[in-house]
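Q: Quick one: sequence and predicted model below, then my questions.
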Protein chains: 2
Amino acid sequence: MFSFGFYSSNMAQIIDGKSIAANTRRQLASELKELVAAGHPVPHLTAVIVGKDPASEKYVQNKMTACREVGISSETKVLPESTTQEELLQVIAELNQDQRVTGVLVQLPVPEHINERTICNAVDVNKDVDGFNELNIGRLALDMDGIVPATPLGVKLLLEHLNIETRGRNAVVVGRSKNVSLPMAILLHADGKYATQALDATVTICHRYTPPKELARYCRQADIIVVAVGKPGLITKDMVKPGACVIDVGINRIKDEKTGKFKLVGDVDFEEVRQVAGHITPVPGGVGPMTVAMLMHNTLKAAKKQFCERKSS
Amino acid sequence: MFSFGFYSSNMAQIIDGKSIAANTRRQLASELKELVAAGHPVPHLTAVIVGKDPASEKYVQNKMTACREVGISSETKVLPESTTQEELLQVIAELNQDQRVTGVLVQLPVPEHINERTICNAVDVNKDVDGFNELNIGRLALDMDGIVPATPLGVKLLLEHLNIETRGRNAVVVGRSKNVSLPMAILLHADGKYATQALDATVTICHRYTPPKELARYCRQADIIVVAVGKPGLITKDMVKPGACVIDVGINRIKDEKTGKFKLVGDVDFEEVRQVAGHITPVPGGVGPMTVAMLMHNTLKAAKKQFCERKSS
């Protein structure tokens, strides 16, 4: 009996991203009400999808649902797979020009004949609610106020919400993507004194060329692990220090061997790792909802900035 | 006799930044000759100094000397300490406009009444030979072609010149400055396949909040240590793995207790660490000359891009 109780109390706290995200959306909804009550227009987000991809459609649907909940006006433009880069750039240019549109996002990935980086850079820096424009990435790197990519921003909010100490702690980011891992590493290591209010942790960036043994060693030393790679089961129990906070950004669709059905899992061996970690995010229901909530945060922030600039000009 | 020989062969190779930089300047001089022979104008670098600072004056002098050696036309504008931010922005705007000027740098630090970030961002991104503009930093973060800050670029060239293996190796960057450490961490960890031809190492960023014990542990695991902090003697022998490559970016003016004179030292206890390291940069004569040579590289690169764009427009 005692040993069961002891074991149970040592299990990780499962981070309820869904409920923290719902709270955030409620806060944003009341901020938006105040904004509109003060005489400003309703912020408007336009999402662009090129081609047919069930995962992309699902993601954009979730974003549109969140917009409705927060009170943001929104629409989705679905362009055919055959859209050329020039045509897509033209659509973006029109949205950039349109005063009614305060936020623009192009759902990634775009088809292979379109250069993703050219597209991300074409979105007006002030309407770039994804924070993927080269100027927003530069501002983040320089600790300047700007729009921060939603996933790393959501992870930061989770850590803060849970009072996870980060200053001077060891953090490991597994992966080196430009949309998640690099901005995450920047937010984790940079100075808390500046506009991004970063987290002052010691940060290690591991990636495909980090030998597995070294990855395991870095992870075992970490107080915080953020993994965003796309490899189910990459982070195992033996790689996690007791009490560490494990944030799983991975979303992988795999076949459940018991039921034969497909299911979503992250990059962490959840059932095993929860036995040693202090905190752990589930997949789904961990980082995913936070990403959408932070996109709403970015959309509101971008709109406020535009309204403020219009007023002063 | 044998034991002396053995000891001696275990001493680190001292990296001769001075001679590698001299080689680089010679190569750049011949590139410049070709450029001019092909009918292009001579590239021109204008350096701006605000106020009187002996160290800044010395740095700018070194840069002007390097310009002469490479064949770059150059001039230094010295503005009084009392120059306002608006006046400095006006000077930068004129240099940005001036077609004859292909490179602009504002020597840092600027006086306290001027916002350094505003100044760095005001320099035209194509003339920004320091690579400090927010857009150049964003491009570096995204592995895009752009202008990379000279010091981390110089360290990268040293590592390549010495055939130091970096892919999958452990690198530690000590410090988190935006002009040196962060771009260094980006160049060390990012993907070798893209425009920046980064180094694919596993990278840890340590800084003021990294506990000394942890700093020592990270350093002892490192194959490559780059330190840019400004603390003489920070990196000691016991913190270095035998055979590691130690790159010292620090420049500190201290009083030599033996002679009573001032001398320059880095952040590494050179005499001790050279007994265990595989490669080590001296201060002075290590990274310093590389920084100036890479500034010349950036100036030539920026000019070529401008000439090419003028031709095609």
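A: Arrived safely.

Q: Within range of chain B, give me the residues from chain A.
A: Applying Cβ under 8 Å from any Cβ of the partner chain, one finds that chain A approaches chain B through A:117, A:133-139, A:141-144, A:167-168, A:170, A:176, A:178, A:182, A:185-186, A:189-191, A:200-207, A:209-211, A:214, A:217-218, A:221. From N, CA and C alone the C-beta is placed, and that goes for glycine too.

Q: Not counting sequence-adjacent ones, nearest residue to residue A:301?
A: residue A:147 (6.8 Å; Cβ to Cβ, 6 or more residues apart in numbering or on different chains).

Q: Next, count neighbours for that neighbour.
A: Residue A:147 has 27 neighbours, counted by other Cβ atoms under 10 Å in any protein chain shown.

Q: Next, it: secondary structure please.
A: coil (DSSP: H, G, I helix; E, B strand; the rest coil).

Q: and stretch A:97-110, which residues are buried?
A: Using 16 or more other Cβ atoms under 10 Å in any protein chain shown as the test for burial, stretch A:97-110 gives A:101-108, A:110.

Q: And the helices in the stretch 151-300 of chain A?
A: A:181-189, A:212-220, A:270-273, A:287-312 (DSSP state H, counting those that start in this stretch).

Q: Tell me which of these is the most buried.
A: helix A:181-189 (a mean of 27; mean count of other Cβ atoms under 10 Å in any protein chain shown).

Q: Measure how that one sits relative to helix B:181-189, angle-wise.
A: Between helix A:181-189 and helix B:181-189, the angle comes out at 140 degrees (axes from the mean of the first three to the mean of the last three Cα atoms, to 10 degrees).

Q: Could you export helix A:181-189 as PDB, keeping only the C-alpha atoms?
A: Extracted as PDB, the C-alpha positions of helix A:181-189 are listed here (Å, rounded to 0.1, in the frame of the first residue of the first chain):
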ATOM      1  CA  SER A 181      13.800  24.600 -32.000                       C
ATOM      2  CA  LEU A 182      16.000  27.600 -32.700                       C
ATOM      3  CA  PRO A 183      13.500  30.200 -31.400                       C
ATOM      4  CA  MET A 184      13.000  27.900 -28.400                       C
ATOM      5  CA  ALA A 185      16.800  27.800 -27.700                       C
ATOM      6  CA  ILE A 186      16.900  31.600 -28.000                       C
ATOM      7  CA  LEU A 187      14.000  32.100 -25.600                       C
ATOM      8  CA  LEU A 188      15.500  29.600 -23.100                       C
ATOM      9  CA  HIS A 189      19.100  31.000 -23.000                       C
END
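
Q: for that helix, the distance to its chain's centre please.
A: Helix A:181-189 sits 12 Å away from the centroid of its parent chain (Cα atoms, centre = their mean, to the nearest Å).

Q: what's the residue nearest to residue A:301 in contact with, if anything?
A: A:125, A:128-131, A:133, A:136, A:298, A:301-302 (Cβ atoms under 8 Å, 6 or more residues apart in numbering or on different chains).

Q: picking up where we left off before, in strands, which of the residues of chain A next to chain B fall?
A: A:170, A:202-206 (DSSP state E).

Q: As a markdown table, the residues you listed with pLDDT, distance to residue B:239 and neighbour count would be great.
A: Listed next are these as a markdown table, based on pLDDT from 0 to 100; distance: Cβ to Cβ, whole Å; neighbours: other Cβ atoms under 10 Å in any protein chain shown:
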| residue | pLDDT | distance to residue B:239 | neighbour count |
| --- | --- | --- | --- |
| A:170 | 98 | 17 | 26 |
| A:202 | 99 | 15 | 28 |
| A:203 | 99 | 19 | 30 |
| A:204 | 99 | 17 | 32 |
| A:205 | 98 | 21 | 29 |
| A:206 | 98 | 21 | 29 |
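
Q: ok, those residues vs residue B:234, which is closest?
A: Using Cβ to Cβ, residue A:202 comes nearest to residue B:234 of those, at 15.1 Å.

Q: pretty sure that closest one is touching residue B:210, no?
A: Yes - if you go by Cβ atoms under 8 Å, residue A:202 and residue B:210 touch, sitting 4.4 Å apart.

Q: Tell me the residues that contact both of these two, please.
A: Common contacts of residue A:202 and residue B:210 (Cβ under 8 Å, 6+ apart): A:168, B:218.

Q: Max pairwise distance over the contacts of residue A:147: which two?
A: Across those, no pair lies farther apart than A:133 and A:301, at 14.3 Å, counting by Cβ to Cβ.

Q: closest point of chain A to chain B, which residue?
A: Closest approach between chain A and chain B, counting by Cβ to the nearest Cβ: residue A:138, at 2.7 Å.
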